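Student: dropping a prediction and its sequence here:
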Amino acid sequence: MKKLTLISFMLLATSLIAISQIDKMRDKLDDASAEEEGLLTLRFFNAETGEGVPDAMINVQDIGTLTTDIEGKIRFEKLGDAVYPFQFEKKGFISENNKFEVVAGTIFWNRFTVSPTIEMGSIRIVLDWDKKPSDLDAHFVKEGEYHISYREKTISNDGKAKLDRDDRDGYGPETITVKDIDEKAEYTYYVKDFTNKDSKNSKQLSKSMAMVKIYGEGKLLNIWQLNEKQKGNAWVVFNIQNGKLIPTDEVKNYY
């Protein structure tokens, strides 16, 4: 019976990944079709669930304010090549300022993950990337106490750190939330390219367009974006020491 249960669970997990892949492919095809009709698309996803965020207010420079539909997307007429700032607002979510770039009439990065509100004193870390590599893993380590990731532990023994969402089929989000940062402890956050974990000189991680955002104090605190020319299968993004965020932003071969 246990073997059947395990097999059933594995089949269910595989089916869910396949459905997710189909949904993401459908989104890409839908956006490409809209481009042919002279429209550009931005999509907004919930950091905890990966689902689209409906009824959000998006104020885009040179356009004005638009409201996301039931799928969490907005569409607008094509813009000239440039970088366009925008603001995201929705009750129950952390407001944020971000930007997108139009190149040759196309937005190459049009998927934005946004965070529901979190408790004061907590932080939330969100990893997004492109279609490949299919499996990037977020790791959050409290030195000497716990290691949060899909392959180590998804929730700490004290319940203060949790992997909210794992993603193994590209794009993300992969999300970790940490409550009550210990100012006497040291923390490290890094991203591992599990797909190419055995390729030390791989550039696939740096070409993934991986982006990490950290939220805290009721706002978006920082954004990191990978440089595509670096070699290595891990990206050490930041440390926290004595309660202070210390950017690292280094690609290397890790563990």
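Tutor: Yes, it's here.
Student: for residue 220, name its beta-bridge partners.
Tutor: Counting by DSSP bridges, residue 220 forms beta bridges with residue 215.
Student: got a list of what it touches?
Tutor: 94, 96, 97, 98, 115, 213, 214 (Cβ atoms under 8 Å, 6 or more residues apart in numbering). Using the backbone N, CA and C atoms, a C-beta is placed for each residue, glycine as well.
Student: separation between the last one and residue 56?
Tutor: What that stands for is residue 214. Distance, residue 214 to residue 56, by Cβ to Cβ, to the nearest Å: 20 Å.
Student: quick one: the strands in the stretch 151-255 of the chain?
Tutor: In the stretch 151-255 of the chain, the strands defined using DSSP state E, counting those that start in this stretch lie at 161-165, 174-178, 186-193, 211-216, 219-225, 234-241, 244-252.
Student: no, scratch that, I was asking about the stretch 1-150 of the chain
Tutor: So, for the stretch 1-150 of the chain - with DSSP E, counting those that start in this stretch - the strands run 39-46, 57-60, 64-67, 73-77, 82-89, 96-103, 106-107, 111-114, 123-128, 136-142, 146-148.
Student: picking up where we left off before, what's the farthest-apart pair in the contacts of residue 220?
Tutor: With distances taken as Cβ to Cβ, the most widely separated pair in the contacts of residue 220 is 97 and 214, at 14.7 Å.
Student: CA atoms only for stretch 211-228, dumped as PDB, please.
Tutor: Extracted C-alpha coordinates of stretch 211-228, given in PDB (Å, rounded to 0.1, in the frame of the first residue of the first chain):
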ATOM      1  CA  MET A 211      16.100  37.800 -10.800                       C
ATOM      2  CA  VAL A 212      15.900  37.900  -7.000                       C
ATOM      3  CA  LYS A 213      13.700  40.300  -5.100                       C
ATOM      4  CA  ILE A 214      13.600  40.700  -1.300                       C
ATOM      5  CA  TYR A 215      10.700  42.300   0.500                       C
ATOM      6  CA  GLY A 216      10.600  43.600   4.100                       C
ATOM      7  CA  GLU A 217       9.500  46.600   6.200                       C
ATOM      8  CA  GLY A 218       6.400  46.700   4.000                       C
ATOM      9  CA  LYS A 219       8.200  47.400   0.800                       C
ATOM     10  CA  LEU A 220      10.500  46.000  -1.900                       C
ATOM     11  CA  LEU A 221      14.000  46.300  -0.500                       C
ATOM     12  CA  ASN A 222      16.200  45.200  -3.300                       C
ATOM     13  CA  ILE A 223      16.400  43.600  -6.800                       C
ATOM     14  CA  TRP A 224      19.300  41.600  -8.200                       C
ATOM     15  CA  GLN A 225      19.700  40.500 -11.900                       C
ATOM     16  CA  LEU A 226      22.300  38.100 -13.100                       C
ATOM     17  CA  ASN A 227      25.000  39.100 -15.600                       C
ATOM     18  CA  GLU A 228      24.900  36.500 -18.500                       C
END
